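Peer 1: Have a look at this prediction, sequence included:
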Amino acid sequence: MERGQIEARVRALGEWFHNLDLGGVATAPDHFLGDYPRAVWESIQGSVPADLRGKTVLDVGCNAGFFSLEMKKRGAARVVGVDHDERYLAQARLAAEVSGLDVEFENRSVYDLARLGGRFDVVLFMGVLYHLRHPLLALDLLHAHAVGELLVFQSMIRGSQGRIPVAEDYRFEEREVFDHPAWPKLHFIERAYCGDGTNWWIPNRACVEAMLRSAGFDPQPIAGTEVYVCGRLPRDPAESGAVYPARE
């Protein structure tokens, strides 16, 4: 595909959130976050398995497919990217076509992962949690139906970056601990944040880690980032008091 054709197809697909280099054409050169998400990838790529030969990868909330393509470059046998936005999926398919990489892209919700029919060795869940009205349900479903070995997780984090020791239980009369800045907290966005009405819940750092543990993951932070590499623990969310049938 000639450069002019690529430029025309990039323009036809509207505004891009991922800045990709497609045959010398930058899809979002003026992104407010800079060279996004490449800058994120450069800070975490050393913590993600470099050799994915024989492995399957699922990219949940794939957007224009940047991370899906990077996983395929590392030799993954199968990469599936899912998103609920058809424009993003069209962008991702164009990116895969120009890059010459075989990646599958599907319109699917995070709440619908059971219908994929099996687990994936590596699951990416980057920049999705805070867009969900039911974030802990999504993590439980990832554990129950999608993650086979490893979860690579990222969320926007606001509020305290600290952590405090949390007891196994507290008396009913205890109140002060909830006012501590580092108590695990989700900040609810009723209307919009950063001009985006799909931002619903933004956690502090302690909350990210507590939610991941509650859903059955072992969160290992990548220093200087909002990204965690998480092993899968053999834990059923129902053991944490979940009242819904997570397997259904």
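Peer 2: That came in fine, so what should we check first?

Peer 1: CA only for contacts and neighbour counts going forward, please
Peer 2: Noted.

Peer 1: residue ranges for the helices of the chain, please.
Peer 2: Using DSSP state H, the helices of the chain run over 3-12, 38-44, 66-73, 86-99, 135-141, 205-214.

Peer 1: which one of those helices lies closest to residue 196?
Peer 2: Nearest to residue 196 among those is helix 86-99 (16.2 Å), distances taken as CA to CA.

Peer 1: And the closest one, how far out from the chain middle?
Peer 2: Relative to its parent chain, helix 86-99 has a centroid offset of 18 Å by CA atoms, centre = their mean, to the nearest Å.

Peer 1: Output the contacting helices and strands for that helix.
Peer 2: Packing partners of helix 86-99 (3 or more CA pairs under 8 Å, 6 or more residues apart in numbering; DSSP states H and E): strand 21-22, strand 104-107.

Peer 1: Paired strands for the shortest one, with orientation please.
Peer 2: Here the strand partners of strand 21-22, with direction, are listed using DSSP bridges: strand 25-26 (antiparallel).

Peer 1: for the longest one, same thing?
Peer 2: Here the strand partners of strand 104-107, with direction, are listed using DSSP bridges: strand 78-83 (parallel).

Peer 1: Give me the average confidence score over the strand it pairs with.
Peer 2: Mean pLDDT, strand 78-83: 98.

Peer 1: which outside residues touch that strand?
Peer 2: Residues outside strand 78-83 that contact it (CA atoms under 8 Å, 6 or more residues apart in numbering) are 55-63, 65, 68, 71-72, 89, 102-109.

Peer 1: can we see that at 6 Å?
Peer 2: 56-62, 103-108 (CA atoms under 6 Å, 6 or more residues apart in numbering).

Peer 1: Would you mind listing the two of those that lie farthest apart?
Peer 2: Largest separation among the contacts of strand 78-83 by CA to CA: 56 and 107, giving 18.3 Å.

Peer 1: Compare those two (neighbour count), which wins?
Peer 2: Higher neighbour count among residue 56 and residue 107: residue 56, with 20 against 13, using other CA atoms under 10 Å.

Peer 1: Check the gap between that one and residue 47 for me.
Peer 2: According to CA to CA, to the nearest Å, residue 56 and residue 47 sit 17 Å apart.

Peer 1: Residue 103 now?
Peer 2: Residue 103 is 22 Å from residue 47, where distance means CA to CA.

Peer 1: Centroid-wise, who is the farthest residue in the protein?
Peer 2: The C-alpha centroid of the chain is most remote from residue 173, which lies 37.4 Å away (CA atoms, centre = their mean).

Peer 1: State the phi and psi torsions of that residue.
Peer 2: phi -80, psi -10 (degrees, to the nearest 10).

Peer 1: do the same with residue 222
Peer 2: When read as degrees, to the nearest 10, the backbone of residue 222 gives phi -90, psi 120.

Peer 1: For it, which non-adjacent residue is closest in space?
Peer 2: Of all residues not flanking residue 222 in the chain, residue 228 sits nearest, at 5.7 Å (CA to CA, 6 or more residues apart in numbering).

Peer 1: number of nearby residues for the one you found?
Peer 2: Here the count is done by other CA under 10 Å, and residue 228 has 24 residues near it.

Peer 1: list the contacts for it?
Peer 2: By CA under 6 Å, 6+ apart, residue 228 lies in contact with 152-153, 219-222.
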